[in-house]
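[1] dropping a prediction and its sequence here:
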Amino acid sequence: MRVTVVGAGYVGLVTGACLADQGHDVTVVDLDASKVDAVNAGRAPIHEPGLPELLGRVAGKTLRGTTDLAAAVRTSAVTLIAVGTPSRDGAIDLTAVEAASAAIGAALRGSAARVVVVVRSTVVPGTTEGLVRAAIEKSSGLTAGRDFGLGMNPEFLTEGTALEDFQSQDRIVIGAIDAHSFDVLEELYAGFSDVPRILVNPRTAEMIKYASNALLATAISFSNELANLASAVGEVDIVDVMRGVHLSRYLTAQAPAKAGWRAPISAFLEAGCGYGGSCLPKDVKALVAHGRSLGIEMPLLSAVDQTNAGRAPRLLDLVRRHFPELRGERVTVLGLAFKPDTDDVRETPAAPVVRALLDAGAAVTVYDPVAGGSAEPLFGAGRVNVAASLADAVRGASVIVLVTRWPEFAALPELIAGMDPPPLVVDGRRVLDRSRIPRYEGIGR
Ligand code: NAD
């Protein structure tokens, strides 16, 4: 099937490349010519494990990039919209979705082909049937459901495991307003015949995506709120508490063959520095703002957001227990990416930590295995020192704050073993072996 994906970012490129790998004939469209050039050269413009190899297989064969949206849309059976939907003052900013919809509509004007347009971006319930439909109808002069198909098919990938998430999808949610769109989307996913389908209207599909992210964010803030209490009670370690929670039969299989199996939700039921990235923070805020616009208050999700915003001050409190005055102290922050295996720093929990340390007058060094280059755009030229390796980062530090769960940070105890005086290590993810760290503080202890 000929497929166009509008937006060659984390979602659009992964979706396009995976569909191309399935044998579809895919064109990804982006306004950013450098991304298009990278795709055509078989180079990954983002850090995502497995993507370079996948592009090597499909680029120039079943996958190509272009900036010419109209030509791609007119010759495709289906066009997926995968542009960004960032946050603006806490509400969703649909400018890019509207612009892409208008451009798709203009491309369809006068076309006899019955193209199906599908929203893959995360958009608040009602967007596909409202703003997207109106923009396409206005610029095309056509009618949705009759002259072109309209659907919504949310993306559930997690950066860092995006390819695997696509290739072993747990569900395929298809929302559409017409039978032809359902048929075309079923054909698009014919290679995933054993994956459960949820066939609904577009606004339900949109809401499934938000409900899924809101639940994960709630689990994280729930764990972090309890971590705050654990610290205040004293002699309670949140890691022990959550270990006890995870072993509940609701979260852990009891059958002998699977003893110790932890439900994957357990990964969200752990105390840490809070959630970040391009999805959970903006999606929780957008849902609350959308509810408010409809006269529905969402106190639980507002609190989830608020608890998350309190994580950076929490880490700073742990530092200040030992260093009430930080002016001139050398503090190293480990991790800039919002999670391991990605270079994405959007809404990273590391940013408020670094900013607070800079405000306190500390001399800050950051180290991240792949996202170090983002330090300057995030904090300004020369504001922080960017280390080239973990060893360089920790040398001479008085304080080390671990923010991102990169596996290589497990080597920290060895690296600081000979340091005199030993640095204070603040473990924001509870991943380090504290028995090997002389001055240790961890979230939730
Ligand atoms: P992104 O910013 O990485 O990519 C968006 C791309 O769209 C950019 O390359 C931009 O240049 C391009 N673009 C914008 N307007 C365009 C237009 N009119 N024509 C052509 N290209 C245009 O964003 P992303 O992380 O891929 O997210 C895309 C959507 O998917 C968002 O709604 C997001 O919430 C959702 N989502 C993201 C993830 C994730 O982990 N990143 C997971 C699930 C869902």
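    Yep, it's here.

[2] near the ligand, which residues of the stretch 151-300 of the chain show up?
    155, 157, 159, 278-279 (C-beta under 6 Å from any ligand atom). C-beta: built from backbone N, CA, C; applies to glycine.

[3] if you rank the residues you listed by neighbours, which is first?
    Comparing these by number of neighbours (other C-beta atoms under 10 Å), residue 279 comes first, having 27 neighbours.

[4] that one - nearest residue in space that isn't next to it in sequence?
    residue 213 (5.8 Å; C-beta to C-beta, 6 or more residues apart in numbering).

[5] could you identify the helix or strand that succeeds whichever strand or helix holds residue 185?
    Using DSSP states H and E, the element containing residue 185 is helix 179-188. Per DSSP H and E, the first helix or strand lying C-terminal to helix 179-188 is strand 197-200.

[6] buried sites along the helix or strand following that next one?
    Remark: after strand 197-200, the chain's next helix or strand is helix 202-233, criterion DSSP H and E. By 16 or more other C-beta atoms under 10 Å, the buried positions in helix 202-233 come out as 202-203, 205-210, 212-214, 216-228, 230-231.

[7] now stretch 363-372
    For stretch 363-372, a neighbour-count test (16+ other C-beta under 10 Å) marks 363-369, 371-372 as buried.

[8] pull up the gap between residue 200 and residue 185, please.
    Distance of residue 200 to residue 185, given as C-beta to C-beta, to the nearest Å: 12 Å.

[9] pull the most distant pair out of the buried residues of stretch 363-372.
    Pairwise distances across the buried residues of stretch 363-372 peak at 22.0 Å for 363 and 369 (criterion: C-beta to C-beta).

[10] going by distance to residue 318, which of the buried residues of stretch 363-372 wins?
    residue 364 (16.1 Å).

[11] overlap of the contact sets of residue 200 and residue 185?
    residue 174 (C-beta atoms under 8 Å, 6 or more residues apart in numbering).

[12] who has more neighbours, those two?
    A count of neighbours by other C-beta under 10 Å puts residue 185 above the other of residue 200 and residue 185, at 24 against 16.

[13] show me the residues around that one that make contact.
    Counting by C-beta under 8 Å, 6+ apart, residue 185 has contacts 78, 116, 118, 151, 153, 174, 176.

[14] which of these sits closest to the ligand?
    Checking the contacts of residue 185 against the ligand with C-beta to the nearest ligand atom, the nearest one is residue 153 at 11.1 Å.

[15] now residue 330: how far from residue 401?
    In terms of C-beta to C-beta, residue 330 sits 12 Å off from residue 401.

[16] more neighbours: which of those two?
    residue 401 (27 against 17).

[17] the ligand versus the more buried one, what's the distance?
    25 Å (C-beta to the nearest ligand atom, to the nearest Å).

[18] who does that residue bridge with?
    Note on residue 401: beta-bridge partners residue 333, residue 426, judged by DSSP bridges.

[19] that one touches residue 423, doesn't it?
    No - taking contacts as C-beta atoms under 8 Å, residue 401 lies outside contact range of residue 423: 10.1 Å.

[20] sweet, I'm off.
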